[in-house]
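Participant: Next one to model:
(chains A and B)
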Amino acid sequence: MNYITLKNNSSVSLKKIPVAPYSRFMEANVSIMSDNVNNHCVSYFGCPAGGKVRLFCAIAADETHDIYVSSALVNSSEELSSFAAHNPAFEKFEREIHENFGITYPDHPWLKPVRYSSDRADRPARVLNYPFFSSESEELHEVGVGPIHAGIIEPGHFRFICNGEQILHLEIQLGYQHRGIERLFLEKKKILQRSTLAESIAGDTAAGHSAAFVNLWEGLCGFVPDFGLMFQRTLALELERIAMHTGDLSAICTDIAYQLGSSVFGRLRTPVINYFQEWCGNRLAKGLIRAGKTNYQFTGELGSRLIELFDEYEPDFNEMSDRLFKSSSVLARLEKTGVVDIKSSRLLGVVGMAARASNNKRDIRSSHPHDMYEKLGHEPVIKYHGDVCSRSQVRREEISQSIAHIRELLKDIPPADNKRENLKSPDPDTFSISLVEGWRGEICHCAITGGKGELVSYKIKDPSFHNWLALALAVRNNEISDFPICNKSFSLSYCGHDL
Amino acid sequence: MIKNFIILAHQGKQYIPDVTKAAVPGIFKGRPVISGIRINEKKLAGICPVDAISTGPVSLDLGKCTFCGECSFAFPGKIMFTADYRLASNDRDMLVVRENEDRPISVDRGNIRSEVHRFFRGSLKLRQVSAGGDNSCELELNACGNVNFDMGRFGIEFVASPRHADGIVITGPITENMAEPLRICYEAVPHPKIIILAGTDAISGGIFAGTGALNRAFADNNRIDLYVPGNPVHPLAFINGVLDLITP
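Facilitator: Numbers count the residues shown, from 1 in each chain, chains lettered A, B, ... in the order given. Below is the predicted model:
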């Protein structure tokens, strides 16, 4: 066997992960991906190993709920043949390995920098000198936008090649937000520091990334979370989804100048994030999720408050949504705009809500369930057109679904229980993986420990890592004036990508 | 059309009538108070993930604090976070809360740039620059302008171009990769102009302070007109801080 089969949130001794020669490693992973459209790469990264680089590849099989993990040992000066030449879903993983270690892939379609990380192999490279594609044509023009944008959003550079108003090509250059988070996971030794880092990976996904971190860490330390902890994490994940989806519907309305929807969805988000504040003192749920413990007991009183909140939220949300999706002037802007068909969605490895809008059934909550999702029997919301409208409708229906899930959870609130064992030290020489379905999509954290249980590698993958390329391709042949709604309909993270 | 009016009517009154006096719902970790009781100070300081706590006597630097609250869970009689959201000041030193001192944090009126009241009272247009911000402060700054907080009623707004702005609001710890775009943006703002640092990451670097991917030269070498602590900043902390700065 060229790989080992794991389940979500599991750990395995490093020795048990086969080390194959690179050619067999590549063949195995590329063929697992081509065998079944529901197999997809969740993480592929390098880890320094005694002067060499050990490459780890994790592919999730949605139908069997397995994760296949394999590895290969290579030299950083090596020229390797590229996975991406066979399957474009690997393109950014290989660019990242190239950027971090200097390994080159002569047959990679575009071996460009990913984020200009602070410990990149090519030190003189500068973020301001990114090698954009350009056109020599006298009929086409280029439009550069960013890194600083017009709204209150994060920085990134968009370079359009246009024919008049029509976008022929978009290249998205990121890296401006790079804070060196993965390295800091190794340098900051206190568990509280690492929790703080986890909720800063993407502050709009504090619950999502924190859940991935604590699930991973508890697994490494041999701690089994009790019902109370799993209940809180599931609740936080679904509340975060409701809040962010509502905010995004507001922003989509803003971008089509639909003031009523913008204001109503905007104000509907407020009670949801204020509820986080009532529960844990932070509107974005920072500080709520901690490994092996909780500082904020969930009480019956909080449960009743949440039901009250939903009883008020739902009629107003449904009324506004009905109006939105029946308004012809709204639909004229959303339908057939920014289309990603199912074939492209699978080919690019799109994940999460954006995948589900293209009938691509990616949802960790059902394929690799964690926390309370198995018990909830979650079924993904699926739409078929892959346009801005489908991505908006997925949000609408997922909000209703999340409320239903939470109402189900609240029927059985776990009793207050503060008797929890302290976390032990992490196991030595171990590989650990955790997948969580955040509101954007699949989050993957991997950790590798050394001989004394110390962290030697911490790998984070935000769903945006896959989805930025889908946005770039979705806007082709659209008018440049439709770019904002396309962008908003994906609502991707810059800092989650740049790390 | 009639349907739109029905929806409007169903929203009721959403704005906060007086943002200077509004109470924050639930638990809010605002300005802390540190009591004089004796505790193991070394242990207390050791809890903090960002070294915001100094000992002998105990003090807590809100410019570094991530408001995780772990210190107050471990030593509930020593450090108590109050619901006071007035956290902003133009004096970096005022963000340091000391033992046995229960005094409000405010703008030092003697130290406000002379042009601020002359030009910006009643109208302040701001350009926001995220320089490694994690999108939490950005979401909260957006919320300042929503129908609930409605910062626009005071003439305070975020604008799309530095050319239209009276100052910049920085979020995030200021990454090396954003250092140059930030400098260019600031230079594009016409004089007179102010700088506001919003959130713990912007003020001190937060959990990222002193690490290799940052370049904080801009924050270190320019005069800062307002510091607004928070992780993320609460809209009420931001709005009240800016009002405190521009209201004569």
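Participant: contact partners of the strand or helix carrying residue B:71?
Facilitator: Here residue B:71 sits within helix B:70-74, counting by DSSP states H and E. Contact with helix B:70-74 is made by A:192, A:295, B:32, B:43-44, B:47-49, B:53, B:60, B:78-81, as judged by C-beta atoms under 8 Å, 6 or more residues apart in numbering or on different chains. For every residue, glycine as well, the C-beta is placed using N, CA and C.
Participant: Narrow those residues to those in strands?
Facilitator: Residues of these located in strands (DSSP state E): B:32, B:53, B:60, B:79-81.
Participant: Nearest the middle, which residue of chain B would you pick?
Facilitator: residue B:228 (2.0 Å; C-alpha atoms, centre = their mean).
Participant: hang on, residue A:69 in a strand?
Facilitator: Yes. Assessed by DSSP: H, G, I helix; E, B strand; the rest coil, residue A:69 belongs to a strand.
Participant: ok so, going back, measure how far the helix holding residue B:71 is from the centre of its chain, please.
Facilitator: Offset of helix B:70-74 from its chain centre (C-alpha atoms, centre = their mean, to the nearest Å): 22 Å.
Participant: Next: stretch B:179-192.
Facilitator: With C-alpha atoms, centre = their mean, you get 20 Å for stretch B:179-192.
Participant: Please see if that stretch touches chain A.
Facilitator: Yes. Residues of stretch B:179-192 contacting chain A under C-beta under 8 Å from any C-beta of the partner chain: B:180-181, B:185.
Participant: okay, these in JSON lines with neighbour count next?
Facilitator: Putting these into JSON lines (neighbours: other C-beta atoms under 10 Å in any protein chain shown) gives the following:
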{"residue": "B:180", "neighbour count": "16"}
{"residue": "B:181", "neighbour count": "19"}
{"residue": "B:185", "neighbour count": "22"}
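Participant: model confidence over the lengthiest helix in chain A, on average?
Facilitator: Ordering each helix of chain A by length in residues (DSSP state H) puts helix A:227-255 first. For helix A:227-255, the mean per-residue pLDDT is 95.
Participant: is that helix up against chain B anywhere?
Facilitator: Yes. With C-beta under 8 Å from any C-beta as the criterion, chain B is reached by helix A:227-255 at residue A:247.
Participant: Beyond that helix, next helix or strand please.
Facilitator: Downstream of helix A:227-255 (by DSSP H and E), the next one is helix A:259-280.
Participant: re earlier: buried residues of the helix holding residue B:71, list them for me.
Facilitator: Buried positions in helix B:70-74, judged by neighbour count with 16 or more other C-beta atoms under 10 Å in any protein chain shown: B:70-72.
Participant: Need the CA coordinates for it. CSV is fine.
Facilitator: Once non-C-alpha atoms are left out, helix B:70-74 reads as follows in CSV (Å, rounded to 0.1, in the frame of the first residue of the first chain):
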residue,chain,number,x,y,z
GLU,B,70,-8.1,34.1,31.1
CYS,B,71,-6.4,36.3,33.7
SER,B,72,-9.7,37.2,35.3
PHE,B,73,-10.9,33.6,35.2
ALA,B,74,-7.7,32.5,37.1
